[in-house]
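# Task: produce atomic coordinates for the following.
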Amino acid sequence: VFNPTQALSNYLINGVYFKTYAGSKQLPAIPVSRYLSAEFFNIIDEESEWENVIKKPTENCRLDVDLDFRGYTMDQIFVNAQFKGVLDGAGHTISNVEYDPAAYKNIYKSANQYYTGLFKEVDGKVRDLTLDNVNFEGGGYAGALAGYANGALITDVYVKNSYVAGQNKVGGLFGFATYSDIDSCGVSNTKVVSVGGEYSNYSYAPEPATGGFIGFIDVANNITRCYANEVYVEAFGKDIDAFGVGGFVGTLWSGGNYLDGIYATGIVNSNAFASGGLLGYTYNSFTINNAYEDVDVTSYWQQAGGLVGVVNSAPSCTTLLAFGDVMSGIILPEDNDTDKPNTTFVMNSNNAAITNYLYFDQSKLRANSTIARDAAKSFSSDLISSEAIYNYLSSDYFTIDEKAEEGILPKLILKDGTLMPNQIDVNVGGGPVDS
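As a prediction, the model looks like this:
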């Protein structure tokens, strides 16, 4: 089988032809139709051929070169459709994806529109791709790769050096994800912001759901071996009931979500209810294992947490490490009174019994602070300066090298044991290591 009329992954075979010297003949009809699973690709070897992805969002494409979209307009880049094919980056990079607000408004033709990124929505597969310098401000559901992931399979996709802004459900990789499997992916050196603007019929969303990796995760997502490394996440709104801002995920809403082998480092700065170093607001139960955060959380409202801002239903969790600093209280951004009480939580739980250990740095506790609800165990600073505390994390996901003795945080590894790319060295509680 070669040169199909469409580059797909599955084909229905109703009949078979063969050639002889006398000409083409058809074999007897196949009693029952057969399916052939084989990936064929449209090859992209220059920027102009990205048009194949825009015009054929149900087909497969593979990059043979890096693509630099500097100077290209949004309508030449943005896949304004449900992408149901396979995009195989083949280890290449797409860089300089920049949308100006006027182009965004022109494409959608009306206010308060959703789904912005390289793709509007990914329902298919994206793999082995790096996005560098993605820069835009959209409406709701905004992510560097796509605004919405619906049943997507994403592996080895990385976002770096980017700026993603939107009204609500904003994330470094995806704005919103449901029924998706995401493995071996990362976001680094990226700013993710919930903003107001002319694209919404309200000044600020009542639910920013803003996260360094994904803004809002809904039903049955599997997220493994993923990071948000040195991200800056910001959400300042006018609505006092706004909630859900996190270093990794802003809001985790429905059940069936599984997170294993993840971490977040950087800064969360918000006036939203429920801000956390790893997760902001979690509504239903979920599973989370082998995770850490070193995110400095500053919340000018209530319910901030080092690991999770607010937990409504008890998660199943093992081995969660909290290194970050947390400051929260009723403080307005313009208020310079630093003597007002701050509250530090590891995990702030509403009616949720946390049964497995959460580990946190006891040096982060200060006056007027409260530690985690239920099972929490502190560790001392002398453990941080050795490998001992890091050994709680599974070696299937994290590597511990000689830098651990210098207080450098563990990094994620791929399934073959090699280091995942684009991870910046980070000092425990001290931000990135100067190069």
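# For residue 96, see how far away the residue positioned nearest the centre of the chain is.
Residue closest to the mean C-alpha point of the chain, counted by Cα atoms, centre = their mean, is residue 213 at 2.3 Å. For residue 213, the distance to residue 96 equals 22 Å [Cβ to Cβ, to the nearest Å]. From N, CA and C alone the C-beta is placed, and that goes for glycine too.
# again, but for residue 117
For residue 117, the distance to residue 96 - Cβ to Cβ - is 15 Å.
# So between these two, which is more surrounded?
Neighbours were counted for residue 117 and for residue 96 using other Cβ atoms under 10 Å; residue 117 has more, 31 against 17.
# if you skip the residues just before and after it, what's nearest to that one?
Nearest non-adjacent residue to residue 117, counting by Cβ to Cβ, 6 or more residues apart in numbering: residue 146, 4.2 Å away.
# My guess is that neighbour contacts residue 121. True?
Yes - with contact defined as Cβ atoms under 8 Å, residue 146 reaches residue 121; the gap is 5.9 Å.
# and for these two, which residues touch both?
83, 115 (Cβ atoms under 8 Å, 6 or more residues apart in numbering).
# Under the pLDDT cut-off, which ranges of the stretch 201-350 of the chain? List them.
The stretch 201-350 of the chain contains residues with pLDDT under 70 at 201-207, 238-242, 302, 328-350.
# mind checking the end-to-end distance for stretch 80-91?
24 Å (Cα to Cα, to the nearest Å).
# residues making contact with it?
7-9, 39, 41, 53-54, 56-64, 107, 119-130, 146, 150, 156-157.
# still on that earlier bit, tell me which of residue 146 and residue 121 has more neighbours.
residue 146 (30 against 24).
# check contacts around that one.
Counting by Cβ under 8 Å, 6+ apart, residue 146 has contacts 83, 115, 117, 118, 119, 120, 121, 122, 152, 174, 175.
# again, only using 7 Å
117, 118, 119, 120, 121, 122, 174 (Cβ atoms under 7 Å, 6 or more residues apart in numbering).
# What of residue 77?
Listed by Cβ under 7 Å, 6+ apart, the contact partners of residue 77 are 50, 69, 97.
# ok, it to residue 216 distance?
For residue 77 relative to residue 216 (Cβ to Cβ), the value is 24 Å.
# Strands of the stretch 251-400 of the chain, start to end?
257-270, 273-276, 279-282, 286-299, 304-305, 308-311, 316-322, 326-328, 347-349, 358-361, 376-379, 398-399 (DSSP state E, counting those that start in this stretch).
# Can I get the ones you listed in JSON lines including mean neighbour count and distance to residue 424?
Output for these, formatted as JSON lines (neighbours: other Cβ atoms under 10 Å; distance: least, Cβ to Cβ, whole Å):
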{"stretch": "strand 257-270", "mean neighbour count": "25", "distance to residue 424": "8"}
{"stretch": "strand 273-276", "mean neighbour count": "32", "distance to residue 424": "21"}
{"stretch": "strand 279-282", "mean neighbour count": "33", "distance to residue 424": "21"}
{"stretch": "strand 286-299", "mean neighbour count": "25", "distance to residue 424": "12"}
{"stretch": "strand 304-305", "mean neighbour count": "32", "distance to residue 424": "24"}
{"stretch": "strand 308-311", "mean neighbour count": "32", "distance to residue 424": "24"}
{"stretch": "strand 316-322", "mean neighbour count": "22", "distance to residue 424": "18"}
{"stretch": "strand 326-328", "mean neighbour count": "24", "distance to residue 424": "22"}
{"stretch": "strand 347-349", "mean neighbour count": "25", "distance to residue 424": "26"}
{"stretch": "strand 358-361", "mean neighbour count": "24", "distance to residue 424": "20"}
{"stretch": "strand 376-379", "mean neighbour count": "16", "distance to residue 424": "24"}
{"stretch": "strand 398-399", "mean neighbour count": "19", "distance to residue 424": "15"}
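# quick one, which of these is nearest to residue 161?
strand 257-270 (13.7 Å; Cβ to Cβ).
# before we move on, back to that, which member of the contacts of residue 146 is positioned nearest residue 237?
Looking across these and measuring by Cβ to Cβ, the closest to residue 237 is residue 174, at 21.0 Å.
# Now for that closest one: which residues touch it?
Residues near residue 174 by Cβ under 7 Å, 6+ apart: 143, 145, 146, 149, 214.
# returning to what we had before: in CSV: the strands of the stretch 251-400 of the chain, plus distance to residue 247.
Output for the strands of the stretch 251-400 of the chain, formatted as CSV (distance: least, Cβ to Cβ, whole Å):
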stretch, distance to residue 247
strand 257-270, 3
strand 273-276, 7
strand 279-282, 8
strand 286-299, 4
strand 304-305, 11
strand 308-311, 10
strand 316-322, 11
strand 326-328, 11
strand 347-349, 14
strand 358-361, 15
strand 376-379, 19
strand 398-399, 17
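# Compare those and report which one is nearest to residue 246.
Among the strands of the stretch 251-400 of the chain, strand 279-282 sits nearest to residue 246 (Cβ to Cβ), with 3.6 Å.
# beta partners for residue 88?
residue 62, residue 127 (DSSP bridges).
# how much space between it and residue 57?
From residue 88 over to residue 57 (counting by Cβ to Cβ), the distance is 15 Å.
# ditto for residue 99
18 Å.
# Then residue 145?
14 Å.
# Tell me which of the two has more neighbours.
Per other Cβ under 10 Å, whichever of residue 145 and residue 57 has more neighbours is residue 145, with 28 against 22.
# Do I have it right that the more buried one meets residue 115?
No - with contacts defined as Cβ atoms under 7 Å, residue 145 does not count as touching residue 115, sitting 11.6 Å away.
# Do you know the pLDDT at the residue nearest to residue 319 when sequence neighbours are not counted?
Among residues not flanking residue 319 along the chain, residue 392 sits closest, at 4.9 Å (Cβ to Cβ, 6+ apart). Residue 392 is assigned a pLDDT of 79 by the prediction.
# What is the neighbour count of residue 392?
Neighbourhood size, residue 392 [other Cβ under 10 Å]: 16.
# swap in residue 119?
29.
# Could you find the closest non-adjacent residue to it?
Nearest one to residue 119, counting by Cβ to Cβ, 6+ apart, is residue 146 at 4.0 Å.
# Show me what the one you found is bridged to.
Going by DSSP bridges, residue 146 is paired in beta bridges with residue 119, residue 174.
# Check what pLDDT it gets.
Here, the pLDDT recorded for residue 146 equals 97.
# And the top helix by length along the chain, what does it pack against?
Counting residues, the longest helix found in the chain (DSSP state H) is helix 101-108. Secondary-structure packing of helix 101-108 (3 or more Cβ pairs under 7 Å, 6 or more residues apart in numbering; DSSP states H and E): helix 74-77.
# list the buried ones in the helix it packs on?
74, 77 (16 or more other Cβ atoms under 10 Å).
# What pairs with the helix or strand just after that helix, parallel or antiparallel?
Counting by DSSP states H and E, the next helix or strand C-terminal to helix 74-77 is strand 79-83. The partner list of strand 79-83 in its sheet, established with DSSP bridges, is strand 119-122 (parallel).
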